[in-house]
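**Student:** Can you look at this prediction? I've put the sequence above it.
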Amino acid sequence: MPRLVLYPLFAAAYPVLALAAGNPEEIPGLWVLTWPLGISFFVSLCAWLLLSVFIRDPDRRAFLTLMVVVVFAWYGYFTIGLGEIPWAAPYARTVLPLLFIVAYLAGATYLVFRLVPNLRALTRFMTIFTAILVVWTTVDLIRQTTEVDWSRHRVEPATTSANASGKSGPDIYLIVLDKYTGSRSLRDNFGFDNADFETFLVKRGFVLPRTAQANYIYTALSLASLLNYRYLDDLPAEPGAESRTKAYVNHLVEDSAVWRFLQARHYRFIFFPTRFPVTWSNRFADLQVPDPRRMLSEFEIVWRRTTLAEPVFSWVCQRFSCAHAATPLISYAKLLEWKFDQLSQVPKWPREGQPLFVFAHITIPHEPYVFNADCSSRPPFWPSLQDETPEKQAYVAQINCLNRRLKSIVEHLLRDSPAPPVILLQSDHGHGRMPPLHIPDVDAVTPDRVAERADVFAAYYLPGADGGIVYDSITPVNVFRTVFRQYFQADLAPLPDKTYWSAETQLFKFTRVNRGHPWQE
């Protein structure tokens, strides 16, 4: 009976498990590993079976299978690295990196076969070594994703004054626009005048603060502060366990003080999930549009980018009509278009006599850039570390498209709602012209980029309210404090408006900044 060597399977599983263990807060559930692990095992088994036609020695066949697994599992890391080298970046998306990797591993395989006639000892070593890696990583992953009881850290909702009216409140639409930079920075750093969209909103009764700022420069932190109307100074971080704090931030967004305040007033909660872990799902929502399990998670998308799967899918989709599941980046644009259409229709949905709280996290103009200015789809574009110009053009085009869609959504919400709704258009943070996952300490960033990252777009439709209740320098932490005071007489005094910077490597080490510089008392 032919001997089956297991270490190529272990080697196929390890990159998936390691990526998950290194980013446990990106995992909505261990079930998201199913497809990445299944595809990795499939590649390994196909290589093993195909090579069995030519190579009878199981040890040599296993080594060659390992080489195939290495090419598949690590190809994306190699091309991403090339993209950060100025002279190599133009070749990163060509076939040359694949040819180079294959040639290099073929040469290494030739030397091993030539110098080591019998690979049995190597097989034993690799089996033990890869098994240890898989077991160790799996245990670490399970430990980090074990459910934590954060209820003792819950932010309690605000109280309502005794003389508050008992009548039903207005529908509330919170539409978060990811990475939508404020007008000053768009004009100064991107050469784009956003006056047309702003004029449209003002004519329809929106108030636009002129110098709105973010509280935090990351989506999860910004949303946690917005939805709990407080700062995050008291995050219950455990030494050496930052992922637990990230999990707590995700929990604050899901089980927020805003939702519990509105739940007590019999609101119906409609939630629009995204591929981002922080807004991937919400178990407290009455309706999720669409069901989160029908979407690819951010983890699955990132995993594909690190492997050979993404360029293979892209190549196939350029030549054939792709189904929804063929590639996440192509379906991503279609999903956004569908969400825009659904959001416009919400006022007409059955509500069973309840007011609505609608939370829609719109994940553009954040990259990848998938829309042209006229909202036609384009090949997905990820920014480079080398050249700002193409990204600036793609970013502005995506803002133009988003503005077009938001105009339509606003018109529908104002026209079709049974009573004037509250509409909150709120950016979580600005651009900053820094690639994701490459945000350093504030001292290493120029003041104009710090200011741009903190400069956010904001526009609020508050029916029946004096426009003066929204001041020019408002930050997200005070948005729901203002709304709940106005419509529910909630006991929520304004907080000082502050902006905090933190590096990607030390997410919870906050430095207060002001106008692009570290804060000085």
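**Tutor:** Yep, it's here.

**Student:** is Val513 in a bridge, and if so with what?
**Tutor:** When assigned by DSSP bridges, Val513 has beta-bridge partners Thr499, Pro518.

**Student:** That one contacts Glu452, correct?
**Tutor:** No. Contact between Val513 and Glu452 fails when scored by CB atoms under 8 Å: they sit 11.7 Å apart. Placement of C-beta: from N, CA and C, glycine included.

**Student:** count of residues packed around the residue nearest to Ala373 when sequence neighbours are not counted?
**Tutor:** Spatially, and ignoring its direct neighbours in sequence, Ala373 is nearest to Asn400 (3.8 Å; CB to CB, 6 or more residues apart in numbering). Applying other CB atoms under 10 Å, we find 19 residues neighbouring Asn400.

**Student:** same thing with the one 4 residues further on?
**Tutor:** The criterion is other CB under 10 Å. On that basis, Arg404 has 16 neighbouring residues.

**Student:** Please name the residues that touch it.
**Tutor:** Asp374, Cys375 (CB atoms under 8 Å, 6 or more residues apart in numbering).

**Student:** What of Ile362?
**Tutor:** Ile175, Val176, Leu177, Asp178, Leu336, Lys339, Leu402 are the contacts of Ile362 under CB under 8 Å, 6+ apart.

**Student:** I'd like the distance between it and Trp280.
**Tutor:** Distance, Ile362 to Trp280, by CB to CB, to the nearest Å: 15 Å.

**Student:** and if you look at Met126?
**Tutor:** The value you get for Met126 to Trp280, if CB to CB is used, is 36 Å.

**Student:** out of the two, which sits in the busier spot?
**Tutor:** Taking neighbours as other CB under 10 Å, Met126 and Trp280 compare with Trp280 leading, 24 against 21.

**Student:** so where's the stretch 151-300 of the chain uncertain?
**Tutor:** Scanning the stretch 151-300 of the chain with the threshold set as pLDDT under 70 gives 151-167, 235-244.

**Student:** So which of the contacts of Ile362 are in helices?
**Tutor:** Leu336, Lys339, Leu402 (DSSP state H).

**Student:** What is the least confident helix or strand in this protein?
**Tutor:** strand 517-518 (a mean of 62; mean pLDDT, DSSP states H and E).

**Student:** Out of Val513 and Glu452, name the residue with the larger neighbour count.
**Tutor:** Glu452 (26 against 22).

**Student:** May I have the secondary structure class of that one?
**Tutor:** helix (DSSP: H, G, I helix; E, B strand; the rest coil).

**Student:** Tell me who's in contact with it.
**Tutor:** Per CB under 8 Å, 6+ apart, neighbours of Glu452: Thr181, Ser185, Asn189, Gly430, His431, Gly432, Arg433.

**Student:** Please apply the same query to Val69.
**Tutor:** Pro8, Ala11, Ala12, Ser40, Val43, Ser44, Ala47.

**Student:** Identify, from those, the entry nearest to Thr199.
**Tutor:** Ser40 (51.9 Å; CB to CB).

**Student:** Give me the buried subset of the ones in helices among the contacts of Ile362.
**Tutor:** Leu336, Lys339, Leu402 (16 or more other CB atoms under 10 Å).

**Student:** What pLDDT is listed against the last one?
**Tutor:** pLDDT recorded at Leu402 is 97.

**Student:** So which residues of the chain form strands?
**Tutor:** Ranges of strands in the chain, per DSSP state E, are 172-177, 268-272, 287-288, 356-362, 369-371, 377-381, 422-427, 458-461, 499-503, 506-514, 517-518.

**Student:** do you know which of the ones you listed lies nearest Val134?
**Tutor:** If we rank the strands of the chain by CB to CB, the stretch that ends up nearest is strand 506-514, at 28.3 Å.

**Student:** send the alpha carbons of stretch 6-25 over as PDB?
**Tutor:** Output of stretch 6-25 as PDB, limited to C-alpha atoms (Å, rounded to 0.1, in the frame of the first residue of the first chain):
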ATOM      1  CA  LEU A   6       1.400  14.100   6.000                       C
ATOM      2  CA  TYR A   7       3.800  17.100   6.300                       C
ATOM      3  CA  PRO A   8       2.700  18.700   3.000                       C
ATOM      4  CA  LEU A   9      -0.900  18.900   4.500                       C
ATOM      5  CA  PHE A  10       0.500  20.300   7.700                       C
ATOM      6  CA  ALA A  11       2.500  22.900   5.700                       C
ATOM      7  CA  ALA A  12      -0.600  23.800   3.800                       C
ATOM      8  CA  ALA A  13      -2.600  24.400   6.900                       C
ATOM      9  CA  TYR A  14       0.000  26.400   8.800                       C
ATOM     10  CA  PRO A  15      -0.100  29.700   6.800                       C
ATOM     11  CA  VAL A  16      -3.900  29.900   7.200                       C
ATOM     12  CA  LEU A  17      -3.700  29.200  11.000                       C
ATOM     13  CA  ALA A  18      -0.800  31.500  11.500                       C
ATOM     14  CA  LEU A  19      -2.600  34.400   9.700                       C
ATOM     15  CA  ALA A  20      -5.600  33.800  11.900                       C
ATOM     16  CA  ALA A  21      -3.600  33.500  15.100                       C
ATOM     17  CA  GLY A  22      -1.700  36.700  14.300                       C
ATOM     18  CA  ASN A  23      -5.000  38.600  13.700                       C
ATOM     19  CA  PRO A  24      -7.500  37.000  16.100                       C
ATOM     20  CA  GLU A  25      -9.600  40.200  16.200                       C
END
